[in-house]
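Asks: Here's my sequence, what's the structure:
(one chain, ligands or ions: 1)
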Amino acid sequence: MSNKLPLEPIELTLEGDLLVERHFGGSTGYTGENDVLESWVGIHKGCGYAMYRQHSNEKFDCLVCSGCFLRILFFKEIRTYGELRKYLVAEHNNLRAHRASPWRS
Ligand SMILES: [Zn+2]
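Replies: Numbers count the residues shown, from 1 in each chain. Sure thing, here's the model as predicted:
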């Protein structure tokens, strides 16, 4: 881990929840797209608490927020931040295209 820029926030939900950088930089640098998601993965922007990777079931792992208990499922084969980002962007694009609800815009 020796990235010069903080992790670009990862969109967790359609409602605007974001996963953001966990490190302060300095000599250790920041979290990178190729870093592996394990244990403490970042901060849930907004509530400000730590998010952790947990095993969920046969197919899915999840990120869980230790503050508000937001829980985001993703395929357990996903290893890195970059892969998670790609997966969630695809999921959200799909949802935006197909979920027409009067409650969403
Ligand atoms: Zn939270």
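Asks: what about the helices in the protein?
Replies: 81-98 (DSSP state H).
Asks: Any regions of it where pLDDT drops low?
Replies: Across the chain, the ranges flagged by pLDDT under 70 are 1, 100-105.
Asks: quick one, strands of it?
Replies: Using DSSP state E, the strands of the chain run over 10-11, 18-20, 40-44, 50-55, 60-65, 71-75.
Asks: and Val89, which of these is closest to it?
Replies: strand 10-11 (7.2 Å; Cβ to Cβ). The C-beta positions use only the backbone N, C-alpha and C, and glycine is treated the same way.
Asks: residues from this protein in reach of the ion?
Replies: His44, Cys47, Tyr49, Cys65, Gly67, Cys68, Leu70 (Cβ under 5 Å from the ion).
Asks: ok, now which ones touch the nearest residue to the first one once chain neighbours are set aside?
Replies: Counting by Cβ to Cβ, 6 or more residues apart in numbering, Cys65 is the residue found nearest to His44 once chain neighbours are left out, at 4.4 Å. Shown here is Cys65, whose contacts under the criterion Cβ atoms under 8 Å, 6 or more residues apart in numbering are His44, Cys47, Tyr49, Ala50, Met51, Arg71.
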